[in-house]
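Participant: With the input below, show me the fold.
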Amino acid sequence: MREFLIVLACLIIGIALRSCQTLFLRKLGALTFLVASFLTFFFLFGCWWAGFIGVVFWFLLPWVDLLTRIRSLRLPLDNRLKFRNAPCEDHFPNAARTINEIEEADFEHIADSGWDWAGMQQYFRIFWHAEAKAIASVCLCEHENVAFAFVTITSRTSSGEIIHTTNYPFSPTLKKGPNSQWAHLPCEKNRFELIYHDHEKHLDRKKLTANDLLIPDPDHVVEQIEKEMCQQIQHNEKCGLIKFTPDGSFRYSTRGLFFLWIQSMKDMIRLC
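Facilitator: Numbering: from 1, shown residues only. I've put the predicted structure just below:
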C-alpha cells in the first residue's frame, strides 16, 4: 500500500506541475512522470534495472508509430501547391491576429495556396514586402483532430542562399536543403513583430545586409517554394534518409526512421 501511495503522489504532483504556465515547471512535471514510471517498475520487480526499463519505455514509444504508419507511408515526389480557400480561422488560435499584424507591417498579400503532406492539410497565406526583401507566410495545418498555425519569414540572397525564420512548433521531418538556413523560434513567439525582429537578427548572424538580398518576385514565389521542396527531397535521398519508389513517391529508409525517432526525442524534451 505504501508503494502505491508513493507512485500516486508522484502522479498527482506531475499533473499539478504540468498544469502550470511556467515552462520549467511543466518540464519538471514531465520528469516527475518518469520518476513515477521508474518507481512503478521498481516496486513491481524489486530491482533498479526494471525501473530503468520503465523509464526507457517512454523513449521507445514513438517506434510504435514509426514501425507501423510511418514505415508504410508514401509521400509524393512532385507535390504542387494549388489554390485553396482559407479554412475556418476559429480552429487556429492567433491566426487572424497574426495575419492582421503582417498586413499592418506593410506586407502585401500574394496568394492563397495549399497541399496535402503525409495526411496533413496545409494552407498557406503568402505575403511579400519589396523594401524589406522578404516573404512572410502563415501556414494553417490540420491533421485529424489537431490544428495549429505558424509563421515563416524568408529572404533570398544573390548567392543562392535561402534564409528562413519560423516558429514551427516541431522538429523538421527532413534534413534541410544544402542552400537553406533555418532559425527555429519557440512557439511562444507568436507575434509577427517578434518573429520579424528575430529574422533580422538571423540575417545579422549570417553577416548579410540589404545589398546581399534579392527583391522577391511575387509572380514566382509559389514556384520557388515547390522548387525548394524538390531540392530538399533530392538532398535527403542522397543522405540516405528516404528512398524513391517506382510509383513516383518516396518512403523513409531505416536510417530515415532513426532520424525521425531522434527528432521526436528532441520534441519530447523541448515541448514537454
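Participant: all helices of the stretch 1-150 of the chain, in order?
Facilitator: 2-18, 23-45, 48-60, 62-65, 95-104 (DSSP state H, counting those that start in this stretch).
Participant: ok, and what's touching the second one?
Facilitator: Same thing as helix 23-45. 3, 6-7, 10-11, 13-20, 48, 50-55, 57-58, 268, 272 (Cβ atoms under 8 Å, 6 or more residues apart in numbering). Every residue, glycine included, has its C-beta placed from N, CA and C.
Participant: Give the PyMOL command for selecting the buried subset of those residues.
Facilitator: Applying 16 or more other Cβ atoms under 10 Å to those, the buried members can be selected in PyMOL as follows:
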select buried, resi 7+10+11+13+14+17+18+51+53+54
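Participant: looking at the helices of the stretch 1-150 of the chain, which is closest to H184?
Facilitator: Of all those, helix 23-45 sits nearest to H184, with 15.8 Å by Cβ to Cβ.
Participant: List the buried residues of that closest one.
Facilitator: 26-30, 32-42.
Participant: Kindly report the same for stretch 120-133.
Facilitator: Using 16+ other Cβ under 10 Å as the test for burial, stretch 120-133 gives 122-129, 132-133.
Participant: By mean pLDDT, flag the weakest helix or strand of the protein.
Facilitator: Scoring the helices and strands of the chain by mean pLDDT, DSSP states H and E places strand 82-83 at the bottom, with a mean of 77.
Participant: Next, report how far that one is displaced from the centre of its chain.
Facilitator: From the chain centre to the centre of strand 82-83 is a distance of 22 Å (Cα atoms, centre = their mean, to the nearest Å).
Participant: likewise stretch 216-236?
Facilitator: Using Cα atoms, centre = their mean, the offset of stretch 216-236 from its chain centre is 18 Å.
Participant: Next, the closest residue to S180 other than its chain neighbours: phi, psi?
Facilitator: Distances taken as Cβ to Cβ, 6 or more residues apart in numbering put I162 closest to S180, at 4.8 Å, once the chain neighbours are dropped. Phi and psi for I162, reported as degrees, to the nearest 10, are phi -120, psi 120.
Participant: thought I162 was touching K176?
Facilitator: No. Using Cβ atoms under 8 Å, I162 makes no contact with K176, being 9.4 Å away.
Participant: just to revisit the earlier point, which elements pack onto the least confident helix or strand of the chain?
Facilitator: Applying 3 or more Cβ pairs under 8 Å, 6 or more residues apart in numbering; DSSP states H and E, one finds that strand 82-83 contacts strand 108-117.
Participant: Name the SS class of the most centrally placed residue in the chain, please.
Facilitator: Closest residue to the average C-alpha location of the chain: F170 at 2.9 Å, with Cα atoms, centre = their mean. Assigned state for F170: coil (three-state reduction, DSSP: H, G, I helix; E, B strand; the rest coil).
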